[in-house]
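Q: Predicted model, plus sequence, below.
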Number of protein chains: 2
Amino acid sequence: MTRSVSKSATSYGDRQEVPIARLCAMAYRSLIDELHERLAARGYKDVKRSYGFVLLPAREKTKTVNDLALEMGFTKQAASKLVESMRESGYVKLVPNPADARSKFLRLTPKGERLLGHVESIYRELESEWADVLGVKRMESLRGDLERVLRARGEGALPGIRPAW
Amino acid sequence: MTRSVSKSATSYGDRQEVPIARLCAMAYRSLIDELHERLAARGYKDVKRSYGFVLLPAREKTKTVNDLALEMGFTKQAASKLVESMRESGYVKLVPNPADARSKFLRLTPKGERLLGHVESIYRELESEWADVLGVKRMESLRGDLERVLRARGEGALPGIRPAW
DNA sequence: ACTGTTTGGTCAACTGAATTGACTAGAGCT
DNA sequence: AGCTCTAGTCAATTCAGTTGACCAAACAGT
């Protein structure tokens, strides 16, 4: 169920310029869908779409649940639940912060590190498939331009990545 | 570049290449957040993030609720609820399909047309702000390349735009 | 026509990811 | 000692989406 659409839909697009926002949404969805299909093919069937945004902070080794909540732009309760779900699946763990007994550091487990390795390798696959269409040069312009524009709006920092519409 | 103001957030990004998927997610969020802030500033405070994806099909004049569900890649029940919520707010209406008594056509109300006009004008604003950073030429390459790569993967058609992560 | 099957839509109940609100324990300040 | 702020949790709620049961109109194929 919930098949993705192909040619029947989206009669629009030949007519006039497609807004960048729309293209970014489509690109994001398309990449993330592919990522998770390929992860599943590699045996990771319990990885939710939101897990990806926890893996990188967890690699930092000094991020807390609260940091995560701030970066993702939602409440610490929500972040806590997400982390708990990943903890149950064995991808992350929480270790005490020696300098502050209230907070805990988010860490990858070995299983989580392996997962992150797969994610990165699949991203490389997907991006090289994009490069097959665009050419390496335009591909790197695309990445560079997106990053430049985002940093320009965020005073040098990349913005957070919130879920939902 | 990267004055690395961002110690708290996203400390990553100076180190290695940011995945395209991540950049697209950030770009999408950033544009949509701005859109809704500016819509609110123009008096549209009851517009949900999902409404945008209904306005365009509604303009087509011959799209049904079911068409919408297929394009958005979720169930007709969900599409129906979304349309109902927009109907209650007065942005769309449903008119009978003379050729098939089961189905109804989605149509914009005058209020909905005005909203769509604002959305398009704000997108033009935002895209011209992007062009201030990138230059018009790179901006159009960006749009063109994104569209090209998406069409290549979708056999010529642009993919749907699903919500959620 | 008479069936049987498919299609467009709705009603109702449920799920799950997020929210708000109330709370505890540790830190930090004066 | 206080008084306040911060990190995290527990519990109840909201809300967008789902599944499942259903109906009426459309569309077969005899």
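A: Sure thing, it's come through. Residues are numbered from 1 along each chain as shown, chains lettered A, B, ... in the order given.
Q: CA atoms for contacts and neighbours, from now on please.
A: Will do.
Q: State the distance from residue A:63 to residue A:126.
A: With distances taken as Cα to Cα, to the nearest Å, residue A:63 is found 28 Å from residue A:126.
Q: residues of stretch A:68-85 that come out buried?
A: For stretch A:68-85, the neighbour count (16 or more other Cα atoms under 10 Å in any protein chain shown) marks A:68, A:69, A:70, A:71, A:72, A:76, A:79, A:80, A:82, A:83, A:84 as buried.
Q: Distance from it to the middle of the chain?
A: Distance of stretch A:68-85 from its chain centroid, counting by Cα atoms, centre = their mean, to the nearest Å, is 14 Å.
Q: try stretch A:27-37
A: For stretch A:27-37, the distance to the chain centre is 10 Å (Cα atoms, centre = their mean).
Q: Out of the buried residues of stretch A:68-85, list just those in helices.
A: A:68, A:69, A:70, A:71, A:72, A:76, A:79, A:80, A:82, A:83, A:84 (DSSP state H).
Q: Which one of the residues you listed is nearest to DNA strand C?
A: residue A:82 (6.0 Å; Cα to the nearest atom of the strand).
Q: what's the distance between the closest one and DNA strand D?
A: According to Cα to the nearest atom of the strand, to the nearest Å, residue A:82 and DNA strand D sit 10 Å apart.
Q: residues touching that residue, list them.
A: Applying Cα atoms under 8 Å, 6 or more residues apart in numbering or on different chains to residue A:82 gives the contacts residue A:51.
Q: which parts of chain A sit against DNA strand C?
A: Contact residues (Cα under 7 Å from any atom of the strand) of chain A with DNA strand C: A:50, A:73-78, A:82, A:99-102, A:163-164.
Q: elements contacting the longest helix along chain A?
A: Among the segments of chain A that qualify as a helix by DSSP H, the longest is helix A:110-134. On a contact count with 3 or more Cα pairs under 8 Å, 6 or more residues apart in numbering or on different chains; DSSP states H and E, helix A:110-134 meets helix A:20-41, helix A:136-153, helix B:136-153.
Q: That one vs helix B:136-153, what angle?
A: Relative orientation of helix A:110-134 and helix B:136-153, computed by axes from the mean of the first three to the mean of the last three Cα atoms, to 10 degrees: 110 degrees.
Q: re earlier: please tabulate the buried residues of stretch A:68-85 in CSV, including the columns pLDDT.
A: Converted to CSV, these look like this (pLDDT from 0 to 100):
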residue, pLDDT
A:68, 95
A:69, 94
A:70, 93
A:71, 90
A:72, 90
A:76, 96
A:79, 96
A:80, 97
A:82, 96
A:83, 97
A:84, 97
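Q: Going by distance to residue B:26, which of the residues you listed wins?
A: Of all the buried residues of stretch A:68-85, residue A:72 has the smallest distance to residue B:26: 10.7 Å, by Cα to Cα.
Q: Surely the closest one and residue B:25 touch.
A: No. Look at residue A:72 against residue B:25 with Cα atoms under 8 Å: they stay out of range, at 11.7 Å.
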